[in-house]
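1. how would this look folded up:
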Amino acid sequence: MFPDDSAPVLAVAAERFLHGLAGRSPQTRRTYASALRRFTEFLRAEGVAVTAVRPAELSLGLLEEYCTWLVAHYGRERRPTLMTYLAALRAFWRFLDRRGWVGPQLSYQRVRDRLGELLGPGRYRTPRVDQRVPLLVTYVDALPEPAAPTARLTLLRDRALLHVLFSSGMRREEVARLDRHDLDDGHRGEAVIRGKGDRERVVFLSAEALAAVRAYLQARADGYVPLFLRHDRARGTPGPGGQRWRLSAQSVWGIVRHYAARVGVHASPHAFRHTKATVLLNRGAKLSEVQDLLGHASPETTKRIYAHYERAHLRAAFHRYSASAAELAERLHAAEELE
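-> Modelled structure (predicted):
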């Protein structure tokens, strides 16, 4: 396939690409837009006019130089940042290739393979999860309920929030998007949600989490849609269904960090996901089951991030399934005698 003569200039192609992401999450669109701005910055520094040049007029060598430029700006130790920018560029190039706006020399396959070679394989650092993360939940459970109505609502909300995070292993964005009907006001222990990449999955909650949700909603005594609301004085008017009072993902992060500091534990909302996965794996859950429960697109993601069992678990497996040289030799001799 040869590039279409009617292909738009690079700047217009980028706009169309971003417009086509309307169905993706806001965070994904922001990330891709930021990455393309960085690519445009590089091209301008190289004297390439993005408002005049077509995608097919670029070269593979120029894309290779972009990779080098990123490394020079961020350093190889910032590998997650580098991978994010290059992932956005690959997605953009797939978009261009599918529309026939680049030729065989700049096919998506060639660009993907070459960029991968330049950056090389990375080493994923296994998350270091503080084993004391559950203390956040027990700490907030033990706090006495304040007499002031707003302070009481805030505590009940935070208690329910931490229980939901710990029980379900949901991402903070997913928790922030929960509506009360998703859990039938705390009477249904499972919910269908849309997670990262707009993928649908089922999440489950424990009896303790549901009880905390019910206590919070009963104290609220309102009909607002969001499961978790703001209760500060600066929240303004509720808006339709209370949507303007919905607790944001950033606020979820702040609440977790607040109680983590009180307990003296290094934790974020994502630490609850790591804790959930580790507990499930150490208690015998399959990787595929953890993948489905946490909403990973690929089993490789689950394997790479969470397939690190506690040392005691590994030690027990080592002693349970290992065999000595003498034992194996004895089995060989016994087999020979039977022949």
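2. need the helices for the stretch 1-150 of the chain, in chain order.
-> Under the criterion DSSP state H, counting those that start in this stretch, the stretch 1-150 of the chain contains helices at 10-19, 26-45, 60-74, 79-98, 108-119, 134-142, 149-168.
3. Now tell me what touches the helix or strand following the last one from outside.
-> Just to be clear, that refers to helix 149-168. Per DSSP states H and E, the first helix or strand lying C-terminal to helix 149-168 is helix 172-176. Residues outside helix 172-176 that contact it (CB atoms under 8 Å, 6 or more residues apart in numbering) are 25, 27, 161, 164-165, 168, 193, 195-196, 203, 228, 246-249, 251-253, 256, 269-270, 295. For glycine as for every other residue, the C-beta is placed from the backbone atoms N, C-alpha and C.
4. before we move on, back to that, winner for burial among the helices of the stretch 1-150 of the chain?
-> Of these, the one with the most neighbours on average (mean count of other CB atoms under 10 Å) is helix 149-168, at a mean of 21.
5. So for it, mean pLDDT?
-> Mean pLDDT, taken over the full extent of helix 149-168, equals 96.
6. Just the angle for it relative to helix 134-142, thanks.
-> For helix 149-168 against helix 134-142, the angle by axes from the mean of the first three to the mean of the last three CA atoms, to 10 degrees is 150 degrees.
7. Just the contacts of helix 172-176: which are in helices?
-> Gln27, Leu161, Val164, Leu165, Ser168, Ala249, Ser251, Val252, Trp253, Val256, Pro269, His270 (DSSP state H).
8. tell me which of these is nearest to Val111?
-> Gln27 (24.4 Å; CB to CB).
9. Which pLDDT value belongs to the closest residue to that closest one other than its chain neighbours?
-> Closest residue to Gln27 apart from its sequence neighbours, by CB to CB, 6 or more residues apart in numbering: Glu173 at 7.2 Å. pLDDT, Glu173: 90.
10. Then Gly254?
-> We have a pLDDT of 93 for Gly254.
11. I'd like the distance between it and Leu280.
-> 27 Å (CB to CB, to the nearest Å).
12. Compare the two and say which one has the larger neighbour count.
-> Neighbour comparison, Gly254 and Leu280: the larger count goes to Leu280, with 18 against 12 (by other CB atoms under 10 Å).
13. follow-up on the earlier one: which of the helices of the stretch 1-150 of the chain has the lowest mean pLDDT?
-> In terms of average pLDDT, helix 108-119 trails the rest of these, at a mean of 79.
14. Just want the angle from it to helix 79-98.
-> 160 degrees.
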